[in-house]
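*Asks:* Need a 3D model of the sequence below.
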Amino acid sequence: MGSPQDPPTAEERPAGRLLNSLAWALAVPTLVLLGGALAQYPFALVFYGGIILSLGTWAVAASVMGGFWGRTWPTLLMSLSLLALLLFGGPAYAELYMKRLGEPAPAVVVQNHDRSQEGERLPDGDGDLLCTVVELTGEPTVHKVSQRENCWGQFKAGQRITILKDPIGLLEPRLPDGPGQSDHFGLTVGVTAFTYLLTFATVLYAGRRRR
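*Replies:* Numbers count the residues shown, from 1 in each chain. So this is what the prediction gives:
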């Protein structure tokens with residue numbers, strides 16, 4: 001092996017390029033998925049921090065792939081894949097976390113409120129519907145949950161349900177699926193896994209075929 005000043009040999013270049021490409025291929029979808037997960041938490045700093053992390057990762061990846069590596073079409077495919085990963089990855093994380101680790105608690109539905117009928121709309125992406133439920137364990141606790149927590153008006157006021165609570169108390173409680181309500185959990189997780197792998201493969205291909 002030559003000195004550090006010597007150019008890399010033909011055997012060294014492909015190995016170094018492969019390792020560098022693998023690092024990018026793992027980092028890009030992982031950081032975007034992390035940003036989508038952070039955006040599920042009801043804290044403004046964490047929410048916007050997750051969005052900035054995801055968009056910043058996309059911007060850096062697009063600049064490297066399209067500018068330094070000169071791979072235009074893979075950059076476009078990567079951008080579309082990251083958009084889908086951001087949209088599906090965050091909800092998939094929250095739903096998977098709550099369904100696997102959430103603590104069940106009895107509750108009663110108090111009100112289903114459609115904010116769009118009164119000209120209300122919050123800027124946090126929670127949607128129009130707002131469900132108010134009262135947790136019945138110990139001291140009654142009022143929870144106001146949005147469509148992000150599966151509030152779709154599937155339960156009537158006065159109906160008893162079992163909610164899932166975050167064991168560490170950071171995420172809002174999640175409502176169960178109602179009778180006849182379609183369960184999109186498998187689809188959400190499937191799209192997340194597919195777009196993660198697609199992004200990984202696209203970045204790896206672009207890195208190995210860089211110009």
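
*Asks:* Which other helices and strands does the helix or strand Leu83 falls within contact?
*Replies:* In this assignment (DSSP states H and E), Leu83 forms part of helix 72-101. In terms of contacts (3 or more C-beta pairs under 8 Å, 6 or more residues apart in numbering; DSSP states H and E), helix 72-101 is packed against helix 12-38, helix 44-63, helix 185-208. The C-beta positions use only the backbone N, C-alpha and C, and glycine is treated the same way.

*Asks:* Make TSV out of those helices and add distance to Pro104 and mean pLDDT.
*Replies:* As requested, the helices and strands packed on helix 72-101 are exported to TSV (distance: least, C-beta to C-beta, whole Å; pLDDT from 0 to 100):
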stretch	distance to Pro104	mean pLDDT
helix 12-38	23	91
helix 44-63	25	96
helix 185-208	17	94
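
*Asks:* so can I have JSON lines of those helices showing mean neighbour count and distance to His143?
*Replies:* Output for the helices and strands packed on helix 72-101, formatted as JSON lines (neighbours: other C-beta atoms under 10 Å; distance: least, C-beta to C-beta, whole Å):
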{"stretch": "helix 12-38", "mean neighbour count": "17", "distance to His143": "21"}
{"stretch": "helix 44-63", "mean neighbour count": "16", "distance to His143": "18"}
{"stretch": "helix 185-208", "mean neighbour count": "18", "distance to His143": "21"}
